[in-house]
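with the sequence up front, the predicted model follows.
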Amino acid sequence: MKKTLIATAIAAVAFSGTTMAQTTAASADSRADELASRMDSMPTVYGNIQYAIAHDNIDGGPSEINHFDNGSTLGVKHEHEVAPGITGFFKLELEGIDADDKARSNGIDALDEAYIGVKGDSFGQIWIGSDDSTYERAVDEISQYYEVAILNIGADYSTGEGDLIQYTSPSFGGLTLAAAVQFNGDSDTKAGAGSEKSYPYQLAALYEVDALELAFAMDSNDGDVSDSNENTYGVRASYNLDNLRLTGEYHTTKDASDTFGVIGYYTLGANQFALSYELNTADDSDDTKTDTITFQALHNLSDHMYVYFEGYLGGGDEVYGYDVDGDGDDDAASDERSIASVGAVYYF
């Protein structure tokens, strides 16, 4: 009888211990799941510090070397499910850190990107705020690629990156459509528009099949009344061959300019090399030309850090002005300018 009672007591204690252990384990699992859920709901914080040194020389004119912050930023972004198949998102990216010299820095004092929007597989993506424009993303690849980018030419389009309402469609068998409108109200001052209301818009179409990318875009330039506000049209073609990417682009704006460019990128392990040529012809009485050859060699030190060298050789029809007598005005010009730069970027 005593043995039976003792055995029963031992079994009860053992069962109680097991239950407590299971309860503790379940509680720990619950807390871990709750923590994981909270972590998933937290925004992503990201940023970078960018340093560069550049030697800038104008043929027959001044020559200087400078160390500078090349665009360090700090940002936060987040997205969540609004409804089944619909995701809401936001992004806020700040710059103006001047990380090279704290004596000149006021901390973060400028905005790069800020927008909110919704997206879904069935309808695409719509967002509002400050972001890279539809035209820029579609066809302006070369001038947006380089790090220092002092002499890169780019296209003549004037719609900015603020007050934008943008839309990108889903892919229809490789075809994607995009549109943007800039809402300039009564008190806005944008691209020479003063306080006049204007609604410049951009349209784009992109088609991808296998290794080929084709893109077309236009900018109405309606916010710019200081110069020609004729439409800007641009086309881009890119082809990807394993480690090699080739891109050609052309932009034209009536009574402003025509711009042509080609670029090739080659990736070799942790290294990437790029070489491009850009030519701009102004629609003036002299058909003034400006061209730039750019070379980049970039090495990824790790998943969060890279270093690079960039060399620029600019030419043209006396297009590089400089001050001779020190009055702050350009009173001389050269047809050749060269820049050599090295830089490092740490990002997370």
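That came in fine, so what should we check first? Given the structure is predicted, the values throughout are model-derived calculations rather than measurements.

switch to C-alpha atoms for all contacts and neighbour counts from now on
Fine.

in its sheet, which strands sit next to the strand or helix carrying Tyr312, and in what direction?
For Tyr312, the host element (DSSP states H and E) is strand 305-322. If you go by DSSP bridges, strand 305-322 pairs up with strand 289-300 (antiparallel), strand 332-347 (antiparallel).

a markdown table for the ones you listed, including mean pLDDT, distance to Val118 and mean neighbour count?
Formatted as a markdown table, the strands paired with strand 305-322 follow (pLDDT from 0 to 100; distance: least, Cα to Cα, whole Å; neighbours: other Cα atoms under 10 Å):
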| stretch | mean pLDDT | distance to Val118 | mean neighbour count |
| --- | --- | --- | --- |
| strand 289-300 | 98 | 34 | 20 |
| strand 332-347 | 97 | 27 | 19 |
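
and the helices in this structure?
2-41, 134-139, 142-145 (DSSP state H).

mean confidence score for the longest one?
When pLDDT is averaged over helix 2-41, the result is 58.

check stretch 273-282 too.
According to the model, stretch 273-282 has a mean pLDDT of 97.

for it, list the C-alpha coordinates in CSV.
The C-alpha coordinates for stretch 273-282 follow below in CSV (Å, rounded to 0.1, in the frame of the first residue of the first chain):
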residue,chain,number,x,y,z
PHE,A,273,34.3,48.0,-64.9
ALA,A,274,32.3,50.6,-66.8
LEU,A,275,33.1,52.7,-69.8
SER,A,276,30.8,55.3,-71.4
TYR,A,277,30.6,58.0,-74.0
GLU,A,278,28.1,60.9,-74.0
LEU,A,279,27.5,63.6,-76.6
ASN,A,280,25.2,66.6,-76.2
THR,A,281,24.4,69.0,-79.1
ALA,A,282,22.7,72.2,-78.1
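
distance from that stretch to the middle of the chain?
Distance of stretch 273-282 from the chain centroid (Cα atoms, centre = their mean, to the nearest Å) equals 20 Å.

need the residues that contact that stretch.
Applying Cα atoms under 8 Å, 6 or more residues apart in numbering, the external contacts of stretch 273-282 come out as 142, 152-153, 256-267, 287-298.

if you rank every helix and strand of this protein by mean pLDDT, what lands last?
None of the helices or strands of the chain scores lower by mean pLDDT, DSSP states H and E than helix 2-41, at a mean of 58.

pretty sure Arg236 sits against Ala215.
Yes: contact criterion Cα atoms under 8 Å: Arg236 and Ala215 qualify, at 5.1 Å.

which residues do these two both contact?
Joint contacts of Arg236 and Ala215 (Cα under 8 Å, 6+ apart) are Ala138, Val139.

and the nearest residue to Gly85 once chain neighbours are set aside, how many neighbours?
Closest residue to Gly85 apart from its sequence neighbours, by Cα to Cα, 6 or more residues apart in numbering: Gly120 at 5.7 Å. Neighbour count for Gly120, taken as other Cα atoms under 10 Å: 17.

any idea how far Gly120 is from Val235?
28 Å (Cα to Cα, to the nearest Å).

please apply the same query to Ala138.
Computed as Cα to Cα, the Ala138 to Val235 distance reads 8 Å.

who touches both of the two?
With Cα under 8 Å, 6+ apart, Ala138 and Val235 have common neighbours Ala215, Phe216, Ala217.

which one of those residues sits closest to Leu241?
Using Cα to Cα, Ala215 is the member of these that lies nearest Leu241, at 18.2 Å.
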